[in-house]
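Novice: prediction below, plus the sequence it came from.
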Amino acid sequence: MNQAPRAASLEAKLQTLTVCPHCHVSLDWSLEELVCASCGDDFPRVAGTPLLLSSSNVFRESIITGSSRTGKKSLASRLYAMRPDERLWSKGAIQTIHSSLEWAVRRPDPTIINIGAGFEQVFEEAFKPYEPVLRVGIPHRGGVDLYGDLTALPLANSSVDLLFCSSVLEHVSAPAKAMEEIARVLRPRGRAYIEIPFIRAYHMAPHDFQRYTPAGMRVLLQSAGLNVAAEGISSGPFTALALLVRDLCVALAPRGLGVSYALSWLLQPLKHVDRLLDQREWAAACACNLFCLAEKPTTGT
């Protein structure tokens, strides 16, 4: 899709979806700042993108001042960005991502939300035929169409058909509240594809709070009134091993960026052992990342 039509389509879609993250009332888009008619809160636009974060959000000031956005990239950082994706996705996870998108577009006037920047190749390729997929969140790479907090989503009740949330929940200090928000914005029978690490090194410090087992993921979803439609390994144990070796070497090395880049390529073949374990249930006991496909029931939440 060309940039101009996409921008117009996004603007129209966002106006119908966006609400005050505090009281869930529609916002006035006619002003430079989005204003809530109920509580009076106003939210600025940063480089044209609405910033719907509360004043207490730790990322708000850095987004406004631009310190969270990088300038011209060095040769080293550009080379680092060209490394392969950190994780090798399982066939089951990839099939679930694509089948979920195919399901969503069959619904009338579907709304698909991606929480975060979605810069991984798996998601970039999956989303291409389904523009516009609206990007909401606080990105550390890439960009978003709407800055928002997963624990206070600026999206209307029962407005989303399909929501993707990949490797975000571990960075949320209140995951139960985040899951309640996902349940709130989903339409009846709406779905959420959720990935979270199980065995990963501590990263993005200090905003890295938890890991989940398969049972823990089920409890988290069900406590928010969501049903588990599917679950499995998104990245297996040999991906976990490769990343742990890389992260340990980076922690010990004086020049971590170069070591990380080299090991990203050297350890890539090890991750492909996971292809042999795609259907092995025991592999979940040592998996790098797990996924759940949640569904909102027609009654209840």
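Specialist: Great, that's in hand. Residues are numbered from 1 along each chain as shown.
Novice: C-alpha only now, for contacts and for neighbours.
Specialist: Will do.
Novice: for this protein, what's the longest strand?
Specialist: Ranked by number of residues, the top strand in the chain under DSSP state E is strand 186-197.
Novice: which helix or strand lies directly C-terminal to that strand?
Specialist: Per DSSP states H and E, the first helix or strand lying C-terminal to strand 186-197 is helix 214-223.
Novice: please spell out which residues along that next one are buried.
Specialist: 214, 217, 218, 220, 221, 222 (16 or more other Cα atoms under 10 Å).
Novice: quick one: strands adjacent to the helix or strand just after that helix?
Specialist: As assigned by DSSP H and E, the chain's next helix or strand after helix 214-223 is strand 227-235. Within its sheet, and counting by DSSP bridges, strand 227-235 is paired with strand 289-295 (antiparallel).
Novice: give me the distance from the partner strand to the chain's centre.
Specialist: Mean-position distance between strand 289-295 and its chain equals 12 Å (Cα atoms, centre = their mean, to the nearest Å).
Novice: try stretch 272-281
Specialist: Worked out by Cα atoms, centre = their mean, stretch 272-281 lies 24 Å from the chain centre.
Novice: quick one: mean pLDDT over it.
Specialist: For stretch 272-281, the mean per-residue pLDDT is 84.
Novice: which residues sit against that stretch?
Specialist: The contact list for stretch 272-281, computed with Cα atoms under 8 Å, 6 or more residues apart in numbering, reads 88, 90, 91, 92, 233, 235, 236, 237, 238, 239, 283.
Novice: could I get the buried residue list for that stretch?
Specialist: 272, 274, 277, 278.
Novice: pLDDT below threshold where in this protein?
Specialist: 1-8, 67-81, 117-118, 256, 279, 300-301 (pLDDT under 70).
Novice: now for the buried residues of helix 214-223: which two are most distant?
Specialist: 214 and 222 (12.4 Å; Cα to Cα).
Novice: related to what we said a few turns ago, out of the contacts of stretch 272-281, which are inside helices?
Specialist: Judged by DSSP state H, helices contain the following of those: 91, 92, 237, 238, 239.
Novice: ok, those vs residue 261, which is closest?
Specialist: So of the ones in helices among the contacts of stretch 272-281, ranked by how close each gets to residue 261 (Cα to Cα), first place is residue 239, at 15.8 Å.
Novice: which residue is the nearest non-sequential neighbour of that closest one?
Specialist: Counting by Cα to Cα, 6 or more residues apart in numbering, residue 239 lies nearest to residue 271, which is 4.5 Å off, once chain neighbours are set aside.
Novice: can you confirm that neighbour is in a strand?
Specialist: No - counting by DSSP: H, G, I helix; E, B strand; the rest coil, residue 271 is located in no strand; its state is helix.
Novice: how near is the residue nearest to residue 44 when sequence neighbours are not counted to residue 219?
Specialist: Nearest non-adjacent residue to residue 44, counting by Cα to Cα, 6+ apart: residue 33, 4.5 Å away. Applying Cα to Cα, to the nearest Å, the value for residue 33 to residue 219 is 39 Å.
Novice: now swap in residue 276 and tell me
Specialist: 29 Å.
Novice: now do residue 101
Specialist: Taking Cα to Cα, one finds residue 101 at 25 Å from residue 219.
Novice: which element is the nearest residue to residue 46 once chain neighbours are set aside on?
Specialist: Nearest residue to residue 46 in three dimensions, chain neighbours excluded: residue 64, at 6.3 Å (Cα to Cα, 6+ apart). Here residue 64, judged by DSSP H and E, is contained in helix 60-65.
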